[in-house]
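Asks: pasting the sequence and the predicted model now:
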Amino acid sequence: MSISEDAPVVTLRLLPRILVVDDSAFMRRLVSDVIIESGEFDVVGTARDGAHALQQVRELNPDLITLDVDMPGQDGLFALRQIMREAPRPVIMLSAGGADGGAEATLRALEYGAVDFVRKPAGAISLDIDTVREQLLAALRAALSTNRETLRHALRLRTPAGQSAMRELEAVTSPVDRVAASAAALAAALANGPAPADATSVAIDELRADASTEPSTDTSIDTSIDTSAPSVTAAWRRDFVSPAYVICVASSTGGPAALAQVLPALPRFTRAAVCIAQHMPTGFTRSMAHRLDEASHLSVREAAHGEPLRAGFAYVAPGGQHLRIGVVDGTPCCLLDTGPLRWGVRPAADHLFESAAATFGAATIGVVMTGMGCDGAEGLMAIRRAGGRGIVQDAPSSVVDGMPMSALRLAGAEHVVPLEALAQTIASVATAYDLAPRPTRFSMSPPPTDTPTDAPTDIPTDAPTDAPTDGMRDASTDTVTDTVPDMAADTVLDDPTDTSANIHGMALPR
């Protein structure tokens, strides 16, 4: 029998195949139903514990896995380590949250290579399931865009055996190849030179079209500070050194593992503070800061409202709160608020970056790391317009390259480097700031209007309308001293093994 030429052509759409792992039969059914009802994914199997999960992975070869953190016997962490060793693939952890060490275990899972986590339904499941459904499907969609090879480098085990496994995995992908890919990505992004005058508004519109929530212009944020609090007392201030410059870091999907690799490799800066906006819900960032603190030369802590910035310290934005940098009585401080979501997230790196540019001006370094979406792009633009420096993680080493590549397209960057070179690059750029005179005053005045030569030009120069102003010095009398040596806007660290940098004619040690 022949087939008529007029017969319709049927195209079969193969859905991403998911394995659901949970010790609760009820939860396995609930998660499976949520996934199947979406019409976007196919559940190919379920497993009741870690050992069963490994068996199913070997037999079914799923594209994605949802994995319960806490299970009897061989738990989710055991299964995750084995999966990342044998056949890395995107894994979404299902977490019960802060109860019984759930937050700590979840953070360990993220360091071991899980791309994201979702809180399990709690309390009245019928009331919570809609939120869980939305978060789970969003995490699964993001996981589809992950770089599977990069997951090998996300594995960061703390045991000697685990570190040995990490070295073996790193040997699979040559760092030289990654650096070459970084240079190629930058060349492609900047091949056509500076963007036309109207390109910036178009680029921002495109970024916003991909985001679930528009940036907020809300100005009703409460920035009042209790000056009697221990964090801002005169005695406390005598014991710390105010930073001369600030390093701001943005990260999301894949961020906890990347931060666990970068922060411990940074020196204890004597003139800089580090501020981090990692997309994470309430209840997890304090544990993450504690884990980073134990492994780092820097003193890492969860930021507190009104806390003065201190050189040699790193401040993690609390989950569910925006972190901005403001000035109180002449001292740069952390300011927190629960204002509207920006790009669908809180904390948002754009708020942090923009406030840092307005406060420190050219004495600001912006670092955009792995993550989904476009948060950090507009903020990096503000930093570079203020004369600061931009560092972007390259696409090959990012678990998800949405954030770093959005930042590169919109703002440009001085350096585009793989994850393993990020710490060295940050320290190298910071060397130039260490040689510059210390600014004596800070303000919330708008940043300079000069534009990076490799960046779009149609960007508003005003400071963010929602930047905190209460208790700040008059911008007409306090200005940021732009004393940072000028570096070429197209400088790219294309050889992380190079031992010197030449900035404005000065050979500086790395």
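Replies: Noted; the coordinates are in hand.

Asks: mind giving me the domain split of this structure?
Replies: Following automatic domain parsing, one finds the domains of the chain at 17-167, 177-217+241-509.

Asks: least reliable of the ones you listed by average pLDDT, please.
Replies: Least confidently modelled of these is domain 177-217+241-509, at a mean of 74 by mean pLDDT.

Asks: for Gly254, grab the count of nearby residues.
Replies: For Gly254, the count of nearby residues is 32 (other CB atoms under 10 Å). All C-beta spots, glycine's among them, are computed from the backbone N, C-alpha and C.

Asks: so how far is Ser397 from it?
Replies: According to CB to CB, to the nearest Å, Gly254 and Ser397 sit 9 Å apart.

Asks: beyond the helix or strand where Glu294 lies, next helix or strand please.
Replies: In this assignment (DSSP states H and E), Glu294 forms part of helix 285-295. Going down the chain from helix 285-295, the next helix or strand is strand 299-302, by DSSP H and E.

Asks: next, the angle from the helix or strand hosting Leu259 to helix 285-295.
Replies: Applying DSSP H and E as the criterion places Leu259 in helix 255-262. Helix 255-262 runs at 20 degrees relative to helix 285-295, counting by axes from the mean of the first three to the mean of the last three CA atoms, to 10 degrees.

Asks: buried ones in the helix holding Glu294?
Replies: Using 16 or more other CB atoms under 10 Å as the test for burial, helix 285-295 gives Thr285, Arg286, Ser287, Met288, Ala289, His290, Arg291, Leu292, Asp293, Ala295.

Asks: related to what we said a few turns ago, measure how the helix or strand following the helix holding Leu259 sits relative to helix 255-262, angle-wise.
Replies: Going down the chain from helix 255-262, the next helix or strand is strand 272-278, by DSSP H and E. Strand 272-278 runs at 160 degrees relative to helix 255-262, counting by the same axes, to 10 degrees.

Asks: by contact count, what packs against strand 272-278?
Replies: strand 245-251, helix 255-262, strand 313-316, strand 322-328, helix 349-360, helix 419-434 (3 or more CB pairs under 8 Å, 6 or more residues apart in numbering; DSSP states H and E).

Asks: deepest-packed of these, please.
Replies: Sort the helices and strands packed on strand 272-278 by mean neighbour count, taking mean count of other CB atoms under 10 Å, and helix 349-360 sits at the top with a mean of 30.

Asks: quick check: closest non-adjacent residue to Ser242.
Replies: Spatial nearest neighbour of Ser242, chain neighbours left out: Thr331 (5.9 Å); criterion: CB to CB, 6 or more residues apart in numbering.

Asks: and Gly390, by the same measure?
Replies: Nearest one to Gly390, counting by CB to CB, 6+ apart, is Ala413 at 3.9 Å.

Asks: check contacts around Ile426.
Replies: Ile247, Val262, Leu266, Ile365, Val367, Ile391 (CB atoms under 8 Å, 6 or more residues apart in numbering).

Asks: ok, the second one - contacts?
Replies: So that's Val262. Met369, Leu419, Leu422, Ala423, Ile426 are the contacts of Val262 under CB under 8 Å, 6+ apart.

Asks: can I get those residues in a markdown table with distance to Ser242?
Replies: Shown next, in a markdown table, are the contacts of Val262 (distance: CB to CB, whole Å):
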| residue | distance to Ser242 |
| --- | --- |
| Met369 | 26 |
| Leu419 | 31 |
| Leu422 | 26 |
| Ala423 | 24 |
| Ile426 | 20 |
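
Asks: closest one of those to Ala79?
Replies: Leu419 (24.5 Å; CB to CB).

Asks: export stretch 390-404 as CSV, just CAs?
Replies: Extracted C-alpha coordinates of stretch 390-404, given in CSV (Å, rounded to 0.1, in the frame of the first residue of the first chain):
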residue,chain,number,x,y,z
GLY,A,390,33.8,43.4,34.7
ILE,A,391,34.7,39.7,35.0
VAL,A,392,32.4,37.1,33.4
GLN,A,393,32.6,33.3,33.7
ASP,A,394,32.8,31.7,30.3
ALA,A,395,30.1,29.6,28.7
PRO,A,396,31.9,26.2,28.6
SER,A,397,32.5,26.2,32.4
SER,A,398,29.1,27.5,33.4
VAL,A,399,26.4,25.0,34.4
VAL,A,400,24.0,27.4,32.8
ASP,A,401,25.4,30.3,30.8
GLY,A,402,22.4,32.6,30.7
MET,A,403,23.6,35.2,33.2
PRO,A,404,27.2,35.5,32.2
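
Asks: list the buried residues of it.
Replies: Across stretch 390-404, burial judged by 16+ other CB under 10 Å covers 390-404.

Asks: just those residues: which are in strands?
Replies: Gly390, Ile391, Val392, Gln393 (DSSP state E).

Asks: against Gly255, how distant is the first one?
Replies: Gly390 sits at a distance of 18 Å from Gly255 (criterion: CB to CB).

Asks: over to the second one?
Replies: Per CB to CB, Ile391 is found 15 Å from Gly255.

Asks: just the last one next, same as before
Replies: Distance of Gln393 to Gly255, computed by CB to CB: 10 Å.

Asks: burial check on Leu140, number of neighbours?
Replies: Leu140 - counted by other CB under 10 Å - has 24 other residues nearby.

Asks: who's in contact with it?
Replies: Counted by CB under 8 Å, 6+ apart, Leu140 has contacts Pro16, Ile18, Ile35, Glu40, Phe41, Leu64, Thr66, Ile92.

Asks: for those residues, give me TSV that also has distance to Met381, neighbour count and secondary structure.
Replies: Output for these, formatted as TSV (distance: CB to CB, whole Å; neighbours: other CB atoms under 10 Å; DSSP: H, G, I helix; E, B strand; the rest coil):
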residue	distance to Met381	neighbour count	secondary structure
Pro16	34	17	coil
Ile18	37	26	strand
Ile35	38	23	helix
Glu40	33	14	coil
Phe41	36	21	coil
Leu64	34	22	strand
Thr66	36	29	strand
Ile92	32	23	strand
